[in-house]
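Undergrad: Sequence plus predicted model, see below.
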Amino acid sequence: MRNGRPLLPWVVWGVAVLAYAAAVVNRSSLAALGPATQEHFGIDATTLSMFAMIQLIVYAGLQIPVGLLLDRFGASSMLLTGTLLMVVGQVVMATVSDVWLAILARVLVGAGDACTFISVMRMLPEWFSVRQLPVISQFTGLIGQAGQLVSITPLALAVASFGWASGFLGVAGVGVLVLILGCLVLRDRPGAGTVIERMTGRLGRISRTARPLGADEPTGAFTVPPPATEMMPVVTAPRIPGLGFWARARRLLSIPGTRLAYWMHFTSPFALNAFVLLWGTPFLTGGVGLDRAQAAGLLNLVILSSMGAALLLGPLSSRFVERRVPMYVVIVFAIVAVWLTVIFWPGTPPMWLLVVLVVVMPLGGPASMVAFEVSRSHTPRSFSGFGTGLVNTGGFTSSLIVIVLIGLVLDALGAGSPEDYSLHAFQIAFTVQIPFWLLGLTMIFVEQHRTKRWMREHGRRLR
Ligand SMILES: N[C@@H](Cc1c[nH]cn1)C(=O)NCC(=O)O
């Protein structure tokens, strides 16, 4: 077991998770500032929604490139690069009045955000034991969600009180703080230097004495190098030099456990993301007819439920490793059942049903963190950045498509703007989620079956 300096892993995690929470603040910094943004740049609602869309597209599109860079340059360099990009993006956002420069700012924020979460996830297995990882991962997600809460009210208040530029420069200031802490504290693994130590070529005492804290057991399903098969690279080799992108992608995708993780991340979070990022408030106010305070109360419940579920799911998935996929599937079935009840409810859904919806639907967020556990169990270390990036694309791709499809269906029904919203149109629009659940669940069953067979054939045991 680890001994000697048990505090260091927690300090490294603390700074890494602070960087992730700051990235979530950056990501959702426009969430509560819709009208202020429209006024500042003189734009309509469609251009405003483009800001969010472009940022999400950049985030999702960069997951695989960033994952590859992670395997090459390490987690702390990528995390700091991401933070720097977000700082520059927010400084641009604070200082320009041209809408195209503002879009460039959102591209920078999306790109920086894309580097953050998967870098943190890449760093964790180097510092914590297999038993601790599910709980630490869930806490990482939970603290990120807290970042979302922080970004809404305090930033809106700051902009209202001190002005647009001060509000966004404040967010950039938080990023600078993260950069300073990150340069001083973050290390890819025990025994590795901080970015500053690597630049100066001098390894400090803390880094040197941290070497014995290294993971004493590999974190995947592979405790010994796998036999030479077509399916797996040899695990003990840290990198496979000269292996091009497509060869790496083919090798990664040939692992059924990685594909299983992808579909898990694809399936559980999109209903939550579509609701929180865009369609929740319009549905609750323009569709169901609640006032803004009631809608805001329900949205806060969404975040709280997601955080509560993270506290439960972490220990459960650590204790019952073999059962984590069935547990996940039960959660998805519960989400589907509640959504179908809301969609097919004759007339206005009662408040108790809406409360059940906002308590059950958010379980999909923490459940999607289980996908990273599955990925870590099956993906060789030399591919783990790539694997994490690939898995993280799943939920963001499904969320983006569902968000756009809901808007298109509303438009097609003539209910695309606030004055035309109707409950019936929303109920029809939300049915676009059904094929995504069907596809996701089918692929999960298929890949789970293949994964089990692969494990049996290769004599592997889950860790
Ligand atoms: N699974 C989400 C995070 C999450 C945790 N709880 C609710 N949501 C995820 O993949 N996040 C990636 C990111 O960049 O935030």
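TA: Now that the structure is in, tell me what you want to look at. Remember, predicted model here, so these are calculated numbers, not experimental data. Numbers count the residues shown, from 1 in each chain.

Undergrad: Which element, helix or strand, includes the residue in the stretch 301-450 of the chain that the ligand sits nearest to?
TA: Closest approach between the stretch 301-450 of the chain and the ligand, counting by C-beta to the nearest ligand atom: residue 365, at 2.4 Å. Every residue, glycine included, has its C-beta placed from N, CA and C. Per DSSP states H and E: residue 365 is located in helix 364-378.

Undergrad: For the helix or strand where residue 80 lies, C-alpha coordinates in CSV please.
TA: In the assignment (DSSP H and E), residue 80 maps to helix 75-95. Taking Å, rounded to 0.1, in the frame of the first residue of the first chain, the C-alpha atoms of helix 75-95 are listed here in CSV:
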residue,chain,number,x,y,z
ALA,A,75,-2.2,15.0,-17.8
SER,A,76,-0.7,18.0,-16.1
SER,A,77,0.6,19.7,-19.3
MET,A,78,-2.8,19.2,-21.0
LEU,A,79,-4.7,20.4,-17.9
LEU,A,80,-2.6,23.6,-17.7
THR,A,81,-2.9,24.1,-21.5
GLY,A,82,-6.7,23.8,-21.2
THR,A,83,-6.8,26.3,-18.3
LEU,A,84,-4.7,28.8,-20.2
LEU,A,85,-7.0,28.5,-23.3
MET,A,86,-10.0,29.2,-21.1
VAL,A,87,-8.3,32.2,-19.5
VAL,A,88,-7.5,33.7,-22.9
GLY,A,89,-11.1,32.9,-24.0
GLN,A,90,-12.6,34.7,-21.1
VAL,A,91,-10.3,37.7,-21.4
VAL,A,92,-11.4,38.0,-25.1
MET,A,93,-15.1,37.6,-24.0
ALA,A,94,-14.6,40.4,-21.4
THR,A,95,-13.0,42.9,-23.7
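
Undergrad: Give me the buried positions along whichever helix or strand comes after it.
TA: Toward the C-terminus, helix 75-95 is succeeded by helix 99-127 as the next helix or strand (DSSP H and E). Neighbour-count burial for helix 99-127, with 16 or more other C-beta atoms under 10 Å as criterion, is recorded at 102-127.

Undergrad: How about stretch 332-345?
TA: Quick answer for stretch 332-345 (16+ other C-beta under 10 Å): 332, 334, 335, 336, 338, 339, 342, 343.

Undergrad: again, but for stretch 294-304
TA: By 16+ other C-beta under 10 Å, the buried positions in stretch 294-304 come out as 295, 296, 298, 299, 301, 302, 303.

Undergrad: and if you look at stretch 64-79?
TA: In terms of neighbour count (16+ other C-beta under 10 Å), stretch 64-79 has its buried residues at 64, 66-71, 74-79.

Undergrad: ok so, going back, so which of the buried residues of stretch 332-345 belong to helices?
TA: Cross-referencing the buried residues of stretch 332-345 against helices under DSSP state H gives 332, 334, 335, 336, 338, 339, 342, 343.

Undergrad: could I get those residues as a markdown table with distance to residue 161 and pLDDT?
TA: Converted to a markdown table, these look like this (distance: C-beta to C-beta, whole Å; pLDDT from 0 to 100):
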| residue | distance to residue 161 | pLDDT |
| --- | --- | --- |
| 332 | 43 | 98 |
| 334 | 42 | 98 |
| 335 | 39 | 98 |
| 336 | 43 | 98 |
| 338 | 39 | 98 |
| 339 | 39 | 98 |
| 342 | 38 | 98 |
| 343 | 41 | 97 |
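
Undergrad: How about the residues of the stretch 51-200 of the chain by the ligand?
TA: When proximity is defined by C-beta under 6 Å from any ligand atom, the stretch 51-200 of the chain lies next to the ligand at 117, 141, 144, 145.

Undergrad: Quick check, residue 41 in contact with residue 97.
TA: Yes: look at residue 41 against residue 97 with C-beta atoms under 8 Å: they come within range, at 6.7 Å.

Undergrad: Those two: which is more packed in?
TA: When residue 41 and residue 97 are compared on other C-beta atoms under 10 Å, the one with more neighbours turns out to be residue 41, at 19 against 10.

Undergrad: any idea how far that one is from residue 47?
TA: Computed as C-beta to C-beta, to the nearest Å, the residue 41 to residue 47 distance reads 8 Å.

Undergrad: just to revisit the earlier point, is the closest residue to the residue of the stretch 301-450 of the chain closest to the ligand other than its chain neighbours within a helix or a strand, and which one?
TA: Closest residue in space to residue 365, ignoring its immediate chain neighbours: residue 306 at 4.5 Å, by C-beta to C-beta, 6 or more residues apart in numbering. According to DSSP H and E, residue 306 maps onto helix 292-319.

Undergrad: hmm, that helix in reach of the ligand?
TA: Yes: judged by C-beta under 6 Å from any ligand atom, helix 292-319 comes into contact with the ligand at 306, 310.

Undergrad: Next: stretch 368-379.
TA: Yes: with C-beta under 6 Å from any ligand atom as the measure, stretch 368-379 is seen reaching the ligand through 368, 369.

Undergrad: domain ranges for this structure?
TA: Following automatic domain parsing, one finds the domains of the chain at 1-213, 248-458.

Undergrad: Count the residues that sit near residue 192.
TA: A total of 19 residues lie near residue 192 under the criterion other C-beta under 10 Å.

Undergrad: who in the stretch 201-350 of the chain is up against the ligand?
TA: On the criterion C-beta under 6 Å from any ligand atom, the ligand has as its neighbours in the stretch 201-350 of the chain the residues 269, 306, 310.

Undergrad: Spit out the contact partners of the residue of the stretch 151-300 of the chain found nearest the ligand.
TA: Of the residues in the stretch 151-300 of the chain, the one nearest the ligand is residue 269, at a distance of 5.7 Å by C-beta to the nearest ligand atom. Neighbour list for residue 269: 364, 365, 367, 368, 395, 398, 399 [criterion: C-beta atoms under 8 Å, 6 or more residues apart in numbering].

Undergrad: For stretch 288-307, what is the distance to the chain centroid?
TA: In terms of C-alpha atoms, centre = their mean, to the nearest Å, the gap separating the centre of stretch 288-307 from the centre of its chain is 21 Å.

Undergrad: mind exporting it as PDB, just the C-alpha atoms?
TA: Taking C-alpha atoms only, stretch 288-307 is exported to PDB below (Å, rounded to 0.1, in the frame of the first residue of the first chain):
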ATOM      1  CA  VAL A 288     -46.200  22.800 -18.200                       C
ATOM      2  CA  GLY A 289     -47.100  26.400 -17.300                       C
ATOM      3  CA  LEU A 290     -45.000  26.700 -14.100                       C
ATOM      4  CA  ASP A 291     -43.700  30.100 -13.100                       C
ATOM      5  CA  ARG A 292     -39.900  30.900 -13.300                       C
ATOM      6  CA  ALA A 293     -39.400  30.400  -9.600                       C
ATOM      7  CA  GLN A 294     -41.000  26.900  -9.600                       C
ATOM      8  CA  ALA A 295     -38.900  26.000 -12.700                       C
ATOM      9  CA  ALA A 296     -35.700  27.200 -11.100                       C
ATOM     10  CA  GLY A 297     -36.500  25.200  -7.900                       C
ATOM     11  CA  LEU A 298     -37.000  22.000 -10.000                       C
ATOM     12  CA  LEU A 299     -33.700  22.700 -11.900                       C
ATOM     13  CA  ASN A 300     -31.800  23.100  -8.600                       C
ATOM     14  CA  LEU A 301     -33.300  19.800  -7.500                       C
ATOM     15  CA  VAL A 302     -31.800  18.300 -10.700                       C
ATOM     16  CA  ILE A 303     -28.300  19.300  -9.600                       C
ATOM     17  CA  LEU A 304     -28.900  18.200  -6.000                       C
ATOM     18  CA  SER A 305     -30.200  14.800  -7.100                       C
ATOM     19  CA  SER A 306     -27.200  14.300  -9.300                       C
ATOM     20  CA  MET A 307     -24.800  15.100  -6.500                       C
END
